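J.: what's the 3D shape of this:
(one chain, ligands or ions: 2)
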Amino acid sequence: MLVHFVTDEPAKIPAIRAMLEPRYYVVPQLLGDGKAQISSNGVLMVDADLRQMVRVEQIRLVMREMCRIPERLFVVKNEVRSMVAQAHALGATAVVSRPREIIFKLEQIAVAQKIAQGDLPDVSPEISDSAAAFASMFAAIQAGRPINLLDAEHATSQVIKSIAENGLCSWLEDVRHYHEGTFQHCLLVTGVAVGFAIDIGFTGPDVKRLGLAATLHDIGKARIPLAILDKPGRLDPDEDEIMRRHPAIGYDLLKDIPDISPEILDGVRHHHEYLDGSGYPDALTAPQISDLVRLLTIADIFAALIESRPYRPAMPRQNAYQLLCGMQGKLEPSLVRAFRKVALGVPTPARSRTLQKL
Ligand SMILES: [Fe+2]
Ligand SMILES: [Fe+2]
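T.: Ligands and ions are numbered 1, 2, ... in the order given. Here you go, the predicted model:
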């Protein structure tokens with residue numbers, strides 16, 4: 001989605017690019033430089049000093065040129081009431097003050113535009129909310145800001161709510177409809193992990209713990225170059241070596257957050273470890289791999305197999321489960337057996353009992 005970024009400070013342009021790209025394509029425009037742009041696509045985003053009448057007049061001209069853009073986002077620091085009123089008087093459709101709000105609003109607009117263009121049914125609020133939380137976390141990392149754990153907790157609670165109300169199948173279908181790449185993967189892994197935890201009778205706090213570990217498990221990918229992350233095809237050995245750094249990067253990004261639990265850090269760092277010691281980054285063996293990590297690894301592999309990518313179709317769930325069964329020595333056999341019902345989409349009485357407790 002195009003974001004026409006209009007500002008009065010040149011220094012804000014690289015900052016907004018660092019925050020939004022590559023998810024959005026930023027087209028900057030400096031107020032008063034005489035180069036007017038005309039567009040009717042994407043979102044108009046204005047971040048300028050509305051106390052200065054000269055700026056207000058310049059913005060008015062821009063608004064005239066961009067009058068066909070339906071979404072006009074104004075950034076007003078601290079939401080000063082008079083400035084919010086000025087923004088609306090200039091034609092703002094939304095006023096935001098913090099980077100997190102900007103990301104959330106853009107994600108909502110992007111999904112709404114996708115629905116409008118693709119004639120798709122309305123996406124559930126839980127999916128757009130959790131996707132916005134993922135976008136906020138990835139943008140924070142890319143801009144060098146700390147991760148807000150509340151984003152991860154919010155995304156996890158939205159996944160749990162959706163699966164408790166509508167089931168895992170509906171979550172998997174909707175996510176594959178509306179999201180791509182790393183976001184799709186993270187939303188799917190969290191959904192599969194939560195569905196698995198509910199199915200095997202985890203208590204509410206344990207479902208949340210596994211869900212949060214799943215939400216954060218690939219957060220280190222925010223530091224992996226997109227050329228590698230989104231490469232359509234097999235990675236070469238050098239690229240693979242870089243990709244394999246993401247669990248340790250994720251661990252480093254999270255380890256100093258005051259309220260993060262050791263189980264979550266363990267899940268993030270070790271979700272690519274195998275019981276036979278052939279995994280990475282620490283080549284752990286069975287006694288060193290916790291139950292949470294064993295569950296997370298199964299959810300991660302299964303979700304990766306059933307993802308749809310532009311260059312390959314999603315693997316049917318039956319085939320993906322067969323592949324898991326063939327990974328002897330690497331995955332916990334009793335858990336793989338217990339995962340069968342979730343993988344194949346068979347609801348069980350245990351699941352409905354646990355849902356009542358969430
Ligand atoms: Fe991973
Ligand atoms: Fe993953």
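
J.: residue boundaries of the helices in the stretch 251-358 of the chain?
T.: 262-270, 291-306, 317-325, 333-338, 340-344, 349-357 (DSSP state H, counting those that start in this stretch).

J.: which one of those lies closest to ligand 2?
T.: Counting by C-beta to the ion, ligand 2 lies closest to helix 291-306 out of the helices of the stretch 251-358 of the chain; the figure is 4.3 Å. Every residue, glycine included, has its C-beta placed from N, CA and C.

J.: Which residues does that closest one contact?
T.: Residues outside helix 291-306 that contact it (C-beta atoms under 8 Å, 6 or more residues apart in numbering) are 172, 185, 188-189, 191-193, 196-197, 209-210, 213-214, 217, 263, 266-267, 270-275, 314-317, 319-321, 323-324, 327, 331-332, 335-336, 339, 343.

J.: redo that, cut-off 7 Å
T.: Helix 291-306 is contacted from outside by 172, 185, 188-189, 192-193, 196, 209-210, 213-214, 217, 263, 266-267, 270-271, 273, 314-315, 317, 320, 323-324, 331-332, 335-336, 339, 343, using C-beta atoms under 7 Å, 6 or more residues apart in numbering.

J.: got any ranges where the stretch 151-300 of the chain has weak pLDDT?
T.: 178-180 (pLDDT under 70).

J.: coming back round to it: could the helices of the stretch 251-358 of the chain be laid out in a markdown table, adding distance to Q29 and mean neighbour count?
T.: Shown next, in a markdown table, are those (distance: least, C-beta to C-beta, whole Å; neighbours: other C-beta atoms under 10 Å):
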| stretch | distance to Q29 | mean neighbour count |
| --- | --- | --- |
| helix 262-270 | 39 | 22 |
| helix 291-306 | 40 | 22 |
| helix 317-325 | 47 | 15 |
| helix 333-338 | 54 | 14 |
| helix 340-344 | 50 | 18 |
| helix 349-357 | 50 | 13 |
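
J.: right, so of those helices, which gets closest to L150?
T.: Closest approach to L150 among the helices of the stretch 251-358 of the chain (C-beta to C-beta): helix 262-270, 14.0 Å.

J.: what packs against that closest one?
T.: Where contact means 3 or more C-beta pairs under 7 Å, 6 or more residues apart in numbering; DSSP states H and E, helix 262-270 is packed against helix 204-216, helix 246-254, helix 291-306.

J.: Let's have these in TSV, adding distance to ligand 2.
T.: Shown next, in TSV, are those (distance: least, C-beta to the ion, whole Å):
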stretch	distance to ligand 2
helix 204-216	9
helix 246-254	8
helix 291-306	4
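
J.: Please identify which of those is closest to I228.
T.: Using C-beta to C-beta, the nearest of these to I228 is helix 246-254, at 9.9 Å.

J.: what angle sits between that closest one and helix 204-216?
T.: Helix 246-254 runs at 110 degrees relative to helix 204-216, counting by axes from the mean of the first three to the mean of the last three C-alpha atoms, to 10 degrees.

J.: Give me the contact list for helix 246-254.
T.: 141, 147, 216, 218-221, 223-224, 260, 265, 268-272, 281.

J.: For this protein, list the residues in contact with ligand 2, please.
T.: Within reach of ligand 2 by C-beta under 5 Å from the ion, the chain has these residues: 218, 300.
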